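K.L.:
Test case, fold it:
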Amino acid sequence: MLCLVTGATGYIGGRLVPELLAAGHEVRVLARHPERLVDRTWVNDVQVVSGDAGDPDAVRAALRGVDVAYYLMHSLMAGDGFHDVEVLLARIFGTTARDEKVKRVVYLGGLHPENAPGSLSDHMASRRQVGEILRGSGVPTAELRAAVIIGSGSASFEMIRYLTERLPFMITPRWLRMPTQPIAVRDVLYYLVQAAALPPEVNRTFDIGGPDVTTYEGMIQGYARAAGLRKRTIIGAPILTPRLSSRWVGLMTPVPSTMARPLVESLSAPSVCSEHDIARYIPDPVDGLVPYQRAVQLALMKLQYADVRTSWSSSSLPGAPSDPLPSDPDWAGGALYVDARETVVDATPASLWRVIEGLGGDRGYYSFPLAWEVRGWLDRAVGGVGLARGRRHPETLRIGDPLDFWRVEERTPLRLLRLRGEFRMPGLAWLELGIREDHDADGHPITVYTQKASFHPRGMPGEAYWKAMLPFHGIIFGSMLKNIRENAETLERTGTLPTIDAA
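P.N.:
Residues are numbered from 1 along each chain as shown. Next comes the predicted model:
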């Protein structure tokens, strides 16, 4: 079968593609930013269609000849008008799938009380309506409804992990005591793959969940046991609204408050399976559905061995397709302020590249750690992501990876790493770290490290922001240049990366 996967740069979609390939299916993906797929191990095994899900022509090209289409698009970054956008995308997709004679649509929706639609959050109501549109499109649709998905890199798991590890004592809102039925990501993927072979008459919703019914508080305590932490002290505080709770989550975890709010709101109502009808068509996995405690242990093992294939933050894109690049000719987007520096490095490009690709996360930015920490705190205080996202992998990066409050926008090994800023600021920012091979005055080959910070201001606030930062550039970017050079030279001599100096 030829399967189309939408949302392939996201958490579930990025994991589903290799599972479908392993099951013997042909796979096509629709990607608004196909360049973010270049480092995926499966990219050469799939057909890639470049386009936006809001463009009917792109959707038609993606669906042409497809047997099964996976609709894995939805927005956790809820803003004004997101509901209308999601409805529009679903209608375009459903109508086009019908016209192209697609045999089945599979949609991953959210688990919610069936008898209380009026109590649903905007986010859950939108997901419910998307499912209704797809099921009413004329194409047989299986809507799999899941509650909390537990797996390394999932937003829900990251919320649980950071709240548990950082807060041995918590004053919490009542949604932590609402019953829920978490499911391991491997079981979600199992159901998604098997749903491709459902009989053509099946056009309905299916509740999917793991074997345990618990609460968010229970999941926190379960995580503590799995991680070897002592039991957490949790005291209820009914005055905390979802808005306040999401800000609290945004401060305590890498999940920004804008994403935390719809997650919190979805937990404000019970999310427990009301049926297990899917077993009539898809038997439970051979080893059974994964219990919550085991799902946490598996996720922790992935984190321990840096084997997190996809993350919730992978699907959070750095900007609109129309956003400019610092390399645009004549920079048609307007003023561009640049801090450019370079230095000769007594090391091979391979050693220098290893240092460049290792920045961020626990290693920091090779300069003035306190300044970076303060910038991260300020960003979190105004609802940004701060430094808490860290890295997907301690040594390697991929295009599209989050890196603290940056995102990898371009990566050419041994040549260039470009990061686009995702922190709150009145403009657009990039940090480019490059390698150039040259020759000295005597004709001997040398390695040159180049470093460029670029900023495109938005209005007077942007101009003021850049000027306010100028006095710190010599300290921050100057010491970064020096320390990256010295780290690469030490690595070249000793074969070991030194500990980062705070200078």
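K.L.:
C-alpha only now, for contacts and for neighbours.
P.N.:
OK.
K.L.:
List the buried residues of the helix or strand containing Ala125.
P.N.:
For Ala125, the element it lies in under DSSP states H and E is helix 122-135. By neighbour count, and taking 16 or more other C-alpha atoms under 10 Å as the criterion, the buried residues in helix 122-135 are 123-135.
K.L.:
packing partners for that helix?
P.N.:
Helix 122-135 sits against helix 82-99, strand 104-110, strand 141-146, helix 257-266, with contacts defined as 3 or more C-alpha pairs under 8 Å, 6 or more residues apart in numbering; DSSP states H and E.
K.L.:
Can you read off the pLDDT for Ser119?
P.N.:
In the predicted model, Ser119 carries a pLDDT score of 60.
K.L.:
Kindly report the same for Thr9.
P.N.:
Per-residue pLDDT puts Thr9 at 83.
K.L.:
What of Phe169?
P.N.:
Here, the pLDDT recorded for Phe169 equals 80.
K.L.:
swap in the one 3 residues further on?
P.N.:
pLDDT, the model's per-residue confidence, is 71 for Thr172.
K.L.:
thought it was touching Val249?
P.N.:
No: the pair Thr172 / Val249 is not scored as a contact, 10.5 Å apart, by C-alpha atoms under 8 Å.
K.L.:
ok, the closest residue in space to Val148 that isn't next to it in sequence - how many residues close by?
P.N.:
Closest residue to Val148 apart from its sequence neighbours, by C-alpha to C-alpha, 6 or more residues apart in numbering: Pro182 at 4.6 Å. Using other C-alpha atoms under 10 Å, Pro182 has 29 neighbouring residues.
K.L.:
Contacts only, for Pro182.
P.N.:
For Pro182, the contacting residues are Ala146, Ala147, Val148, Ile149, Ile150, Gly209, Gly210, Asp212, Val213, Thr214, Tyr292, by C-alpha atoms under 8 Å, 6 or more residues apart in numbering.
K.L.:
His83 too?
P.N.:
Listed by C-alpha under 8 Å, 6+ apart, the contact partners of His83 are Asp122, His123, Ser126.
K.L.:
Reformat the buried residues of helix 122-135 into TSV and put pLDDT and distance to Val344 next to each item.
P.N.:
Converted to TSV, these look like this (pLDDT from 0 to 100; distance: C-alpha to C-alpha, whole Å):
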residue	pLDDT	distance to Val344
His123	74	52
Met124	80	55
Ala125	82	57
Ser126	83	55
Arg127	86	54
Arg128	89	58
Gln129	91	58
Val130	93	56
Gly131	93	58
Glu132	95	61
Ile133	95	60
Leu134	96	58
Arg135	96	61
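K.L.:
from these, which is closest to Phe405?
P.N.:
His123 (25.0 Å; C-alpha to C-alpha).
K.L.:
For Ser479, give its distance to Ser367.
P.N.:
Distance from Ser479 to Ser367, counting by C-alpha to C-alpha, to the nearest Å: 5 Å.
K.L.:
What of Thr41?
P.N.:
Distance from Thr41 to Ser367, by C-alpha to C-alpha: 33 Å.
K.L.:
Which one of those two is surrounded by more residues?
P.N.:
Neighbours per residue, other C-alpha under 10 Å: of Thr41 and Ser367, the larger number sits with Ser367, 22 against 10.
K.L.:
if I've got this straight, that one is in a strand?
P.N.:
No: counting by DSSP: H, G, I helix; E, B strand; the rest coil, Ser367 is not part of a strand but coil.
K.L.:
How about it: what's its closest non-neighbour residue?
P.N.:
Nearest to Ser367 is Met480, by C-alpha to C-alpha, 6+ apart, at 4.9 Å.
K.L.:
What of Leu417?
P.N.:
Using C-alpha to C-alpha, 6+ apart, the closest residue to Leu417 is Arg411 (4.7 Å).
K.L.:
is it true that that neighbour touches Asp401?
P.N.:
No: if you go by C-alpha under 8 Å, Arg411 and Asp401 don't touch, sitting 10.4 Å apart.
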